[in-house]
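Student: What follows is a predicted protein model with its sequence.
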Amino acid sequence: MSNRIAFLGCGSMNEAILGGLLAAGTDPSDVVATVRRAERAAELAERHGVMAIAGVEEPDNNKLATKGASVVILGVKPVGIADLAREISPALGKNTIVISVAAAVSIAQLEAALPAGQPVIRTMPNTPAKLGRGVVSVSPGTNCTDAQLQQAKDVLAAAGTVVEIPEEQVDALSAISGSGPAYAFYLAEAMAAAGVELGLDPELSLKISRETVAGAGFMLAEPGADPTALRIAVTSPNGTTERAIAAFNEGGIPSIIADGARAAAARAAEITKQLG
Ligand SMILES: NC(=O)C1=CN([C@@H]2O[C@H](COP(=O)(O)OP(=O)(O)OC[C@H]3O[C@@H](n4cnc5c(N)ncnc54)[C@H](O)[C@@H]3O)[C@@H](O)[C@H]2O)C=CC1
Ligand SMILES: O=C(O)[C@@H]1CCC=N1
């Protein structure tokens with residue numbers, strides 16, 4: 001079996017994982033990506049130096065990429081996962097590990113669309129994988145050996161922190177780390193808008209908001225960092241930050257965030273049901 005990793009459906013998420021792997025030293029010649037459009041394939045090939053095959057030019061692109069791969073990573077939208085799994089089934093080796101990054105697609109749904117006995121791993125990554133700073137959960141399917149799970153973890157470690165969780169927890173994790181980068185970007189957007197309201201030039205406000213959220217992220221990334229301690233260190237008694245945090249608490253921000261996470265997890269469960 002080769003070392004080839006096939007990214008089947010290479011949009012935002014799979015490209016982020018691909019970027020993390022290449023940055024960590026994976027040889028681009030061991031990577032192949034598939035997409036629909038020729039322009040997107042050209043973009044991926046130019047940006048990353050990998051082979052990228054567009055479906056409009058080569059309708060067998062997913063099968064060709066799968067043949068001989070040791071790992072395939074399914075990165076299409078949830079509604080397309082089962083069809084893609086069925087499409088590549090004839091090209092899979094019996095030890096090829098099939099990884100899905102899709103929200104809401106269960107291991108049972110994946111296994112039902114693949115040859116009997118195929119090793120499957122359901123994951124939930126996030127886009128900071130691009131910088132090797134992602135969070136990736138792994139939940140092994142019923143036919144995945146410990147060695148295959150370890151192989152997948154070793155591949156995904158290049159994308160960031162790998163955590164193994166029971167499948168029942170994926171929707172909850174997705175609501176925190178899967179969607180979470182969007183929450184942090186949303187905070188930066190809201191801060192930028194608030195700065196403008198206070199009279200700052202929009203460009204300046206965006207720049208300082210972006211740098212502030214990024215800088216805080218770097219501090220959180222230090223070993224042992226505690227968000228509460230870091231927040232308290234900024235919050236002088238009876239100072240300015242204290243007023244801001246009090247206004248956030250009065251506005252119910254912590255419970256609004258919990259509501260949002262609950263809504264994300266509920267939506268995942270809803271999609272799983274819709275996919276049958
Ligand atoms: N975007 C994110 O932050 C995260 C996304 N995910 C999951 O990742 C998956 C993909 O999401 P995104 O990357 O955001 O979507 P996207 O739309 O950016 O990427 C999907 C890609 O798949 C391609 N594609 C569709 N059908 C194809 C086919 N049959 N063969 C080859 N290529 C095909 C599309 O052309 C596109 O490039 C979803 O299942 C989502 O739940 C999981 C965690 C985070
Ligand atoms: O929004 C979504 O459905 C995907 C899953 C987690 C992040 N993005």
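Tutor: Arrived safely, thanks for sending. Ligands and ions are numbered 1, 2, ... in the order given.

Student: So which bits of this protein are right by ligand 1?
Tutor: Proximity of the chain to ligand 1 (CB under 6 Å from any ligand atom) is limited to residues 8-14, 34-36, 40, 55, 62, 75-78, 80, 84, 101-103, 124-127, 178. In this view, the C-beta of every residue, glycine as well, is placed from N, C-alpha and C.

Student: mind listing which of these are in strands?
Tutor: With DSSP state E as the criterion, strands contain 8, 34, 35, 124 from among these.

Student: pull the longest strand from this protein.
Tutor: The chain, longest strand under DSSP E: strand 134-140.

Student: Now find how far off-centre that one is within its chain.
Tutor: Centroid separation for strand 134-140 versus its chain: 9 Å, with CA atoms, centre = their mean, to the nearest Å.

Student: can you list contacts of it?
Tutor: Strand 134-140 is contacted by residues 16-17, 20, 107, 120-129, 148-149, 152-153, 156, 159-167, 169-170, 173, 177, 180 when judged by CB atoms under 8 Å, 6 or more residues apart in numbering.

Student: and the next helix-or-strand element following that strand, what's its mean pLDDT?
Tutor: Under the assignment DSSP states H and E, the closest C-terminal helix or strand after strand 134-140 is helix 146-156. Averaged over helix 146-156, pLDDT sits at 97.

Student: same deal with stretch 34-53?
Tutor: 98.

Student: For the helix or strand containing residue 258, buried residues please.
Tutor: Taking DSSP H and E as the criterion, residue 258 maps to helix 253-275. Under the neighbour-count criterion of 16 or more other CB atoms under 10 Å, helix 253-275 has 261, 264, 265, 267, 268, 271, 272 buried.

Student: cool, stretch 38-53 as well?
Tutor: Across stretch 38-53, burial judged by 16+ other CB under 10 Å covers 40, 41, 44, 48, 50, 51, 52, 53.

Student: now what about that stretch, what contacts it?
Tutor: Contact with stretch 38-53 is made by 10, 15, 18-19, 22, 28-29, 31-35, 54, 56-57, 61, 64-65, as judged by CB under 8 Å, 6+ apart.

Student: CA atoms of that stretch as PDB?
Tutor: These are the backbone C-alpha positions of stretch 38-53, laid out as PDB (Å, rounded to 0.1, in the frame of the first residue of the first chain):
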ATOM      1  CA  ALA A  38     -11.400  22.700 -13.500                       C
ATOM      2  CA  GLU A  39     -10.500  26.200 -12.200                       C
ATOM      3  CA  ARG A  40     -10.600  25.000  -8.600                       C
ATOM      4  CA  ALA A  41      -8.300  22.000  -9.500                       C
ATOM      5  CA  ALA A  42      -5.800  24.400 -11.200                       C
ATOM      6  CA  GLU A  43      -5.900  26.600  -8.100                       C
ATOM      7  CA  LEU A  44      -5.200  23.700  -5.800                       C
ATOM      8  CA  ALA A  45      -2.400  22.400  -8.000                       C
ATOM      9  CA  GLU A  46      -0.800  25.800  -8.200                       C
ATOM     10  CA  ARG A  47      -1.200  26.700  -4.500                       C
ATOM     11  CA  HIS A  48       0.000  23.400  -3.100                       C
ATOM     12  CA  GLY A  49       1.900  21.600  -5.800                       C
ATOM     13  CA  VAL A  50      -0.400  18.500  -5.600                       C
ATOM     14  CA  MET A  51      -2.300  16.600  -8.300                       C
ATOM     15  CA  ALA A  52      -5.900  17.800  -8.400                       C
ATOM     16  CA  ILE A  53      -8.500  16.200 -10.700                       C
END
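
Student: quick one: residue 232 and residue 223, what's the gap?
Tutor: 19 Å (CB to CB, to the nearest Å).

Student: Give me the more crowded residue out of those two.
Tutor: residue 232 (13 against 4; other CB atoms under 10 Å).

Student: That one: which element?
Tutor: Counting by DSSP H and E, the element that carries residue 232 is helix 227-234.

Student: quick one: contacts for the residue in the chain that ligand 1 sits nearest to?
Tutor: Closest to ligand 1 within the chain is residue 11: 1.7 Å, counting by CB to the nearest ligand atom. For residue 11, the contacting residues are 35, 75, 76, by CB under 8 Å, 6+ apart.
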